[in-house]
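K.L.:
build me a structure from this.
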Amino acid sequence: YLVEHRCSHFPRRRQRQMCLKDSSLAYLAGYGSQALIITQDMSQLFSMYGHDESITANCHVRAVFAPNDLKTAEWISKMCGTTTRVLTQYRHSGDRKDTRLKNISTEISHTKRPLLTPEEVMRLPGAKKNAEGEVIEEGELLLFVGSNYPIKAKQVLYFKNAHFKNRSILNPPSNNGEGE
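P.N.:
Next up, the predicted model:
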């Protein structure tokens, strides 16, 4: 059965009862259902469900585009995790004109750095448009799938890809979700 429920104004407080309770996603997954949730930034979610919401924890796949909000960018940066940078410094003492330097020391330091800083997250390139406003080139996004490492990817422009374009023009089922 195909059951489709669209909640186009998901983050609006007054429509909370029509959409999801934050515990509903876990139940939906148990029945093989999926939900597509779209928000502009994390503050919309937090204002409605609080900072202890469980919606993001129950989302297996999260696609993230460049946010305009610094708090959302910080949240995304933390989701990306950290990396280690190795810095090597060489120091020497003695006369530089001498054929042999008397004392040479090497210092190797390991420093922790965010994989993407909030500023780098906010600067992810968006889709490019022509003068008429038509999208002509894909932008970048971050994909978080389960407990895997984040993936920096390019958007798929479905209207320029024959496979996806054909899928987008399929007619909806005529039986309104009833079994055959």
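K.L.:
same for the longest helix along the chain, what does it pack against?
P.N.:
Longest helix in the chain, counting residues (DSSP state H): helix 70-80. Here helix 70-80 is seen to pack against helix 42-49, strand 103-114, helix 118-122, strand 140-145 when contacts are counted using 3 or more C-beta pairs under 8 Å, 6 or more residues apart in numbering; DSSP states H and E. C-betas here are computed from N, CA, C, even on glycine.
K.L.:
recalculate using a threshold of 7 Å.
P.N.:
helix 42-49, helix 118-122 (3 or more C-beta pairs under 7 Å, 6 or more residues apart in numbering; DSSP states H and E).
K.L.:
how far away is the spatially most central residue of the chain from L142?
P.N.:
Central residue of the chain (C-alpha atoms, centre = their mean): V64, 2.7 Å from the mean position. V64 is 4 Å from L142, where distance means C-beta to C-beta, to the nearest Å.
K.L.:
before we move on, the earlier item: in a markdown table: the helices and strands packed on helix 70-80, plus distance to G32.
P.N.:
Shown next, in a markdown table, are those (distance: least, C-beta to C-beta, whole Å):
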| stretch | distance to G32 |
| --- | --- |
| helix 42-49 | 24 |
| helix 118-122 | 33 |
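K.L.:
which of those helices comes out lowest on mean pLDDT?
P.N.:
The minimum mean pLDDT among the helices and strands packed on helix 70-80 belongs to helix 42-49 (a mean of 85).
K.L.:
run the chain-centre distance for that one.
P.N.:
17 Å (C-alpha atoms, centre = their mean, to the nearest Å).
K.L.:
can you show me the CA trace of it as PDB?
P.N.:
Taking C-alpha atoms only, helix 42-49 is exported to PDB below (Å, rounded to 0.1, in the frame of the first residue of the first chain):
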ATOM      1  CA  MET A  42      17.300  23.800  13.600                       C
ATOM      2  CA  SER A  43      15.700  26.700  15.500                       C
ATOM      3  CA  GLN A  44      12.300  25.800  13.900                       C
ATOM      4  CA  LEU A  45      12.600  22.300  15.300                       C
ATOM      5  CA  PHE A  46      13.900  23.400  18.700                       C
ATOM      6  CA  SER A  47      11.100  26.100  19.100                       C
ATOM      7  CA  MET A  48       8.500  23.400  18.600                       C
ATOM      8  CA  TYR A  49      10.000  20.400  20.300                       C
END
